[in-house]
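> missing the sequence, but the structure's below:
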């Protein structure tokens, strides 16, 4: 290959591999995943809205205790987003031990959220809520409630696993602050979805 | 090899946004306990949730410090798809008015 051809070839490779939007490729991949996941949650929330609007005997089972629990869950999740930000900040400034502590606190927040969620579920199941029936009205409520909150809970648990793996990898030098930041994006997205789930699923179905 | 530092906000900004998000969640609860129509309640709660989401995307997810092209690439497509989903409402209302078949 001539020198001119080699130069053109290497220029072509550089042009092809230039990072889009000046962010690393894996960060762009996470953003693309987030928007596809946002649409998934959007679809499931729209389906819930469709059912709720078209069903005359839609149940309103949530009492003040459930609202308080949902608010505590929000506080826990938003706090874990804050600790994730602090982990990323510490990692970027080279404070590895501090970054690891904040990342573990984030995961602990996620686990606490999951436990509070399971407690909420068990309380409703004890009152007779199942996927297909409940003592308050339309049987569709259980399917909608468990689908939406279950999908969100799955994301939280997956996030806890991912943050653990990345934190361990970061501790061992396999991952860097960018990996923490990328999973931080995911974690904030999970937080963001919850901001829509609480008003639509809990607050609009408040017992009066 | 190109290195990426990535955006990083100040702790004060994070704390202000954190408090604002929790305060808005509190406001949503106040709206839930107010005696207004369900539709009005829904719109108010959604408006508050959109503000919360905007704060989270802008400051927690650092969209503010990324290149504007990234937001222009991601947000319109997402908003467009979500907006298109609104076509289901006419059918939802049709089911409501076609009772007793709507069970």
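Structure received. Because the structure is a prediction, the values reported are computed rather than measured.

> domain assignment for chain B?
B:1-66, B:67-103 (automatic domain parsing).

> which helix in chain A has the most residues?
When chain A is parsed with DSSP state H, its longest helix is helix A:140-172.

> so where's chain B uncertain?
B:1-8, B:99-103 (pLDDT under 70).

> mind checking what secondary structure residue A:135 has?
Assigned by DSSP: H, G, I helix; E, B strand; the rest coil, the conformation of residue A:135 is coil.

> next, the residue nearest to it when sequence neighbours are not counted: secondary structure please.
Distances taken as Cβ to Cβ, 6 or more residues apart in numbering or on different chains place residue A:128 nearest to residue A:135, at 4.4 Å, with adjacent residues excluded. Any C-beta I mention is one placed from the backbone N, CA and C, and that applies to glycine too. Judged by three-state DSSP, the three-state class of residue A:128 is coil.

> how about the one 3 residues further on?
With three-state DSSP as the basis, the three-state label of residue A:131 is coil.

> tally of neighbours for it?
15 (other Cβ atoms under 10 Å in any protein chain shown).

> residue A:48 versus that one, what's the distance?
14 Å (Cβ to Cβ, to the nearest Å).

> so what pLDDT did residue A:3 get?
According to the prediction, residue A:3 has pLDDT 62.

> and the contacts of stretch A:36-48?
A:144, A:147-148, A:151-152, A:155, A:189, A:193, A:196-197, A:200-201, B:78, B:81-82, B:85-86, B:88 (Cβ atoms under 8 Å, 6 or more residues apart in numbering or on different chains).

> nope, stretch A:84-94 is what I meant
A:96, A:98-103, A:105-106, A:163, A:170, A:176-177, A:180-181, A:184, A:187-188, B:5-6, B:8-9, B:11, B:14, B:60.

> in helices, which of these fall?
Those of the contacts of stretch A:84-94 lying in helices (DSSP H): A:96, A:98-103, A:105-106, A:163, A:170, A:177, A:180-181, A:184, A:187-188, B:11, B:14.

> starting at the chain centroid, how far to the longest helix of chain A?
7 Å (Cα atoms, centre = their mean, to the nearest Å).

> what is the mean pLDDT for that helix?
For helix A:140-172, the per-residue pLDDT averages 97.

> what is it packed up against?
Counting contacts by 3 or more Cβ pairs under 8 Å, 6 or more residues apart in numbering or on different chains; DSSP states H and E, helix A:140-172 is packed against helix A:25-54, helix A:64-92, helix A:96-126, helix A:177-197.

> buried ones in stretch B:43-57?
Across stretch B:43-57, burial judged by 16 or more other Cβ atoms under 10 Å in any protein chain shown covers B:44, B:45, B:48, B:49, B:52, B:53, B:55, B:56, B:57.

> and the first one, how far from residue B:32?
Look at residue B:44 and residue B:32: by Cβ to Cβ, they are 9 Å apart.

> low pLDDT regions in chain A?
Those would be A:1-17, if you go by pLDDT under 70 across chain A.

> any chance of the helices and strands packed on helix A:140-172 in JSON lines, with mean neighbour count too?
Formatted as JSON lines, the helices and strands packed on helix A:140-172 follow (neighbours: other Cβ atoms under 10 Å in any protein chain shown):
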{"stretch": "helix A:25-54", "mean neighbour count": "17"}
{"stretch": "helix A:64-92", "mean neighbour count": "21"}
{"stretch": "helix A:96-126", "mean neighbour count": "18"}
{"stretch": "helix A:177-197", "mean neighbour count": "24"}
